[in-house]
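this is a predicted model, with the sequence first.
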Amino acid sequence: MSNLYNLSAGEAHRGIIQGDFTAEEYVWSIIGRIERVEGKVHAFITLNKENALVCAREIDKKIRTKEVVGSLAGVTVGIKDNISTHGLKTTCASKILENYVPPYNATVVERLQNYGAIVIGKLNLDEFGMGSTTEFSRYGPTHNPWKVDYVPGGSSGGSGAAVSSRECTISLGSDTGGSVRCPASFCSVVGLKPTYGSVSRFGLLSYANSLEQIGPICRTVEDVVTVMNAISGHDPNDDTSFSSRSSVPYLSINQERTPSSIAIVKELIDGCDPAVSKTIYSALDKFKEFGSECTEISLKSVNYALPSYYTIAMAEASSNLARYDNIRYGFSFPMEGFEWNTYISNVRSNFGEEVKRRILIGSYVLSSGYYSKYYLKARQLRSLLRQELLSNFAKYDLLVGPTMPVLPFRIGEKIDDPLKMYLMDVDTVLANLAGIPAISIPAGHSNGLPIGLQLMAGPFQEQKLIDAASLLDNAINIKGSPEI
Amino acid sequence: MFEPNSNICPICCGFPGTLPLLNQKAVEHAAMISYALGSNIPEKIMFYRKNYFYPDLPKNFQITQYNLYGLTSIGSAGSVCISDSKTIRIRRVQLEEDPGRLSYDSGNIHDSSHTLIDYNRSGVGLVEIVTEPDFTDPREVRYFLNKLSSILEHLGVCDTTLEGAVRCDANVSLKGGDRIEIKNVNSFREVEKALTYEISRQTSLSTRNIKINSETRHWDEQRKITRIARTKEEEQDYRYFPEPDIPLIMLGKDFYTHIGRLVPELPDERLSRFKSKYTLSDHVANILINSKKLADFFESCLTIYYSPVEIANWLVNDLLALIGGEETTLLDKMKLEPKHMAELAKLVDEKKISRSTAKQIFTEVFRSGQAPSQLLDRTDSSQINDENFIANAVDVVFSSEVSAVEDAKVNSSAINFLVGKVMKITKGRADPKIVTQLINVKLTQLGNS
Amino acid sequence: MALVSKDELIHLGWISRINLSEEEIETFHHQLDDTIKYIDVLETFSSENLSLDHLEIVFSDLREDKAIEFTRELIPKSSRAQQGYVKGPKMK
């Protein structure tokens, strides 16, 4: 019973439905796990234990009385702390929202709860989603469960680590430039960034709204499918979510179809650590064994991808974060004695340094003298990149490569060089710029440190990703959890 | 009026994680305004963010439209005729969101300890209409604004009489001088005054050879002057960029036609129709058209009793006199109904009552809401046509007003005095034509004797 | 030569309403400059009048004009001024 926390969502849900154990027992197991390892991992900002138990008991009651329950009934989910949870503090790991309790649920949370999932807590992140290591959290970094003085990736580091350490069964993260896939790769779990517009952003505290999507981080591909089927689809509260279900089809598992042709991007594989590329090439070999045709291609616009990404992301961030002036919500900062502009400037000096940097650069690139030089160019490049990628998807089923160009590194190693940090997103930003889906799956380890394989597909072709991921999952068979 | 912050939600208060949702009717109404102002309506429109910090702006940016990188607003290149010889060109029509409303605990911005914010109207749709600098006189601006109000009223998309419903920024420059912007004039009526003041201010500066530099001023309605605005530190850089949360809106090729079908008869068309179909004079027709409510009232009367010239005159002269001319809002609340007006006009046309009786009854109907026929029954004010009856009355007057009669024999204008006297003793009920006729006959008889 | 001067940085702080300390101005100056030099590579790309990608929505899919009340308390009454106004610092 005490190892119930190891189960996948599918296994846990089936066990509860079949009566092998109750939801309450299962949640107790999770709580116990958290109590034992959270001190080392530090994945959570806020825990929701009492409430979770109440929900678990309700699920048990429904099952006893033979009421219909959803496909995630009883499953514990961790929610990245930049996604609104009604009545549960949502801080974005920032001092500026220290006291903020949302008066409404994000659509994705509402949907998960409708399917019976139980919110166990809010997960740590880089402040406002800005970072790749979760070191920019005001609450301190999350630690990689595989090696605790190493980074778990970011910005959804808490989401990646908690699933990896079995402190929750599934989690939601948000991915603006790789923030779901990076922690999935560094923590050896599965993370999906869906096609832009397939999952509602209502309730996600915006960092870069034309780039980001909420995505699941789970231990199995099957769980990713279950979560996606629960959260995806049109939301009338989000006009950027696609309006017809036919555009955003339900996904299915157990298909294990071999992709007929896959391509690997030269510029991306050439740019990564040897330990990483070795693992990626092994994975590619597996695909070849299954019968896929593998080709190396060159994408010229890849060289502009990072500058384009950062220009657009920071520009949007500078505007999206303007609303945090502590007038309607925020933290405790008395206004007596202040004049308006001085007050809000002092309030906003409580942003962390990375957030401040991005806001300043964002304001810079949107300034009237520089708009055409940076922002407009970045947008044009984005269109070009998207065209280039889409034309390749006409020829290839999938684009394959490393999720991260490097292995996880020690906490504190790269924190003093913002630019070095930005360069780590080179593999992941393509999917955000083009709005296409991308998944990271565990591909191997090097010196005990996880390596992730990234698969990208055309818009709304998540099924191709799932099929290939399932295939590889069974072939590579990386199981096992970190010893914490 | 709503209590402050009694009508708010997370979206209009810019709460974290909320997303804007464009209202279909707002787009439709804005398009109707574009259409009515003779503007082009594009097949696609887009929204931008205008970024600046201000207490009334919950997100510290405003969602608006912007045309620097191609035409994205709901209307452009339109025109409005304000007279036979003058047309004002419309540069653009755009849709944007309203910020909140600020007030100050001490009543004014200067000595308040706090700024007070009411978000009730935050996020409400606004239409901004920008003209080309085609006005050469403040009066033209007044004509234009009147025309615009009438168009808006006819469209049924905006009640321009509601407090806070319209705001105006006026820009004025003298030849060779920079443009001065006068912000936030709160009613159309004040605009002409503000402009007149500003022109004379600029003229006096320029005759003293003082250069007029580009600046922003405020119209002080109490003191009737423009004052330099305090908040202008430097030219604001709004860092416009396309709003990522609102996709490009595809209106489509048939949208213009669709809007055309929604737009009702506009003032210009209605004016022509009133003049041709109802044979109304230019003057009368214009007054009716000036207020949609009045024009509607007029046409309602006609459906009951068709006497356009008669009814029009009643409305333009008598009714407007009673309600004070400009206050056509009172038309909604008045007790006079089209059926009353129609009935009265019919009575006059059929000579059942004299015009002066009718005028008296009119006032009474307006005040009480009772039908003319009811009032007539009570006071027996039907017109008297009986010549014998009137002849008697004439005789009575002639015997009592001897000197007046003598005057009337030589001075024909003195006849009116006698007519008046006969009307008085018949309590206004005698048919004045018959009275005059009989008086003239009697005078002739007397003259011959 | 720096792409962003210290004065420009201070100005950026003002338009973003972030009060920057002396220390921050020092540190950020270098970091921002590095980043902007990096994104400057965008200049080497010739735009060829590329049109921008946009998400699209058709007019008929826009939100219906229906009032939906939000009944929960949004801004606590305890923090409000008289008559229910939201309180903010005075304007200069």
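In hand now; what should we look at? Numbers count the residues shown, from 1 in each chain, chains lettered A, B, ... in the order given.

separation between residue A:213 and residue A:190?
To residue A:190, residue A:213 is 16 Å away according to CB to CB, to the nearest Å. C-beta here means a position set from N, CA and C on the backbone, and glycine is covered the same way.

point out the residues in the stretch 51-200 of chain B that sit beside chain A.
B:51, B:53, B:55, B:58, B:59, B:60, B:61, B:69, B:114, B:115, B:117 (CB under 8 Å from any CB of the partner chain).

mark which of these are buried, thanks.
Listed as buried from those are B:51, B:53, B:55, B:58, B:59, B:60, B:61, B:114, B:115, B:117; burial here means 16 or more other CB atoms under 10 Å in any protein chain shown.

what sits against the first one?
Neighbour list for residue B:51: A:318, A:319, A:322, A:366, B:60, B:61, B:238, B:239, B:240 [criterion: CB atoms under 8 Å, 6 or more residues apart in numbering or on different chains].

for the top helix by length along chain C, what is the distance to the chain centroid?
Longest among the helix segments of chain C by residue count, using DSSP state H, is helix C:22-39. Centre-to-centre, helix C:22-39 and its host chain are 18 Å apart (CA atoms, centre = their mean, to the nearest Å).

quick one: buried residues of it?
Buried residues in helix C:22-39 (16+ other CB under 10 Å): C:24, C:28, C:29, C:31, C:32, C:33, C:34, C:35, C:36, C:38, C:39.

and stretch A:60-67, by the same measure?
A:60, A:62, A:63.

can I get it in CSV, CA atoms only?
What follows is stretch A:60-67, C-alpha atoms only, in CSV (Å, rounded to 0.1, in the frame of the first residue of the first chain):
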residue,chain,number,x,y,z
ASP,A,60,-14.5,7.1,-2.8
LYS,A,61,-18.1,7.8,-1.8
LYS,A,62,-19.1,8.2,-5.4
ILE,A,63,-17.5,4.9,-6.3
ARG,A,64,-19.2,3.2,-3.4
THR,A,65,-22.6,4.5,-4.5
LYS,A,66,-21.8,3.5,-8.1
GLU,A,67,-21.9,7.1,-9.4
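
contact partners for residue C:25?
Residue C:25 touches C:6, C:9, C:10, C:13, counting by CB under 8 Å, 6+ apart.

quick check: the second one vs chain B, distance?
Per CB to the nearest CB, to the nearest Å, residue C:9 is found 15 Å from chain B.

can you pull the contacts of that residue?
Neighbours of residue C:9 in contact, by CB under 8 Å, 6+ apart: A:360, C:20, C:25, C:28, C:29, C:32.

helix or strand for it, which one?
Secondary structure from DSSP states H and E places residue C:9 in helix C:6-15.

now the contacts of residue C:25: which count as buried?
C:9, C:13.

name the next helix or strand downstream of the strand or helix carrying residue B:357, please.
Using DSSP H and E, residue B:357 sits within helix B:355-368. As assigned by DSSP H and E, the chain's next helix or strand after helix B:355-368 is helix B:372-379.

give me the contacts around that following helix.
Taking CB under 8 Å, 6+ apart as the rule, helix B:372-379 contacts B:340, B:343, B:344, B:347, B:353, B:361, B:364, B:365, B:368, B:381, B:382.

in that helix, what's buried?
So helix B:372-379, judged by 16+ other CB under 10 Å, has buried residues B:372, B:375, B:376.

just the CA trace of that helix, in PDB.
Extracted in PDB, the C-alpha atoms of helix B:372-379 (Å, rounded to 0.1, in the frame of the first residue of the first chain):
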ATOM      1  CA  PRO B 372     -58.400  66.600 -26.900                       C
ATOM      2  CA  SER B 373     -61.900  65.300 -27.300                       C
ATOM      3  CA  GLN B 374     -62.100  64.700 -23.600                       C
ATOM      4  CA  LEU B 375     -61.000  68.200 -22.800                       C
ATOM      5  CA  LEU B 376     -63.300  69.700 -25.400                       C
ATOM      6  CA  ASP B 377     -66.400  67.900 -24.000                       C
ATOM      7  CA  ARG B 378     -65.600  69.300 -20.600                       C
ATOM      8  CA  THR B 379     -65.100  72.900 -21.600                       C
END
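
so for the helix or strand following it, mean pLDDT?
Moving toward the C-terminus from helix B:372-379, the next helix or strand (DSSP H and E) is helix B:387-400. Taken as a whole, helix B:387-400 carries a mean pLDDT of 83.

return the distance of helix B:387-400 from the chain's centre.
For helix B:387-400, the distance to the chain centre is 49 Å (CA atoms, centre = their mean).

try stretch A:160-170
With CA atoms, centre = their mean, you get 13 Å for stretch A:160-170.

cool, and stretch A:147-161?
That offset, for stretch A:147-161, works out to 11 Å (CA atoms, centre = their mean).

what ranges does the stretch 201-350 of chain B have for its strands?
B:215-220, B:225-228, B:241-242, B:248-250 (DSSP state E, counting those that start in this stretch).

just say which of those is most tucked in.
For the strands of the stretch 201-350 of chain B, the largest average neighbour count (mean count of other CB atoms under 10 Å in any protein chain shown) is found in strand B:241-242, namely a mean of 22.

ok, the residue sitting nearest the centre point of chain C - contacts?
In chain C, the C-alpha nearest the mean C-alpha coordinate belongs to residue C:16, at 6.8 Å (CA atoms, centre = their mean). Contact analysis of residue C:16 by CB under 8 Å, 6+ apart lists A:318, A:322, A:348, A:359, A:360, A:363.
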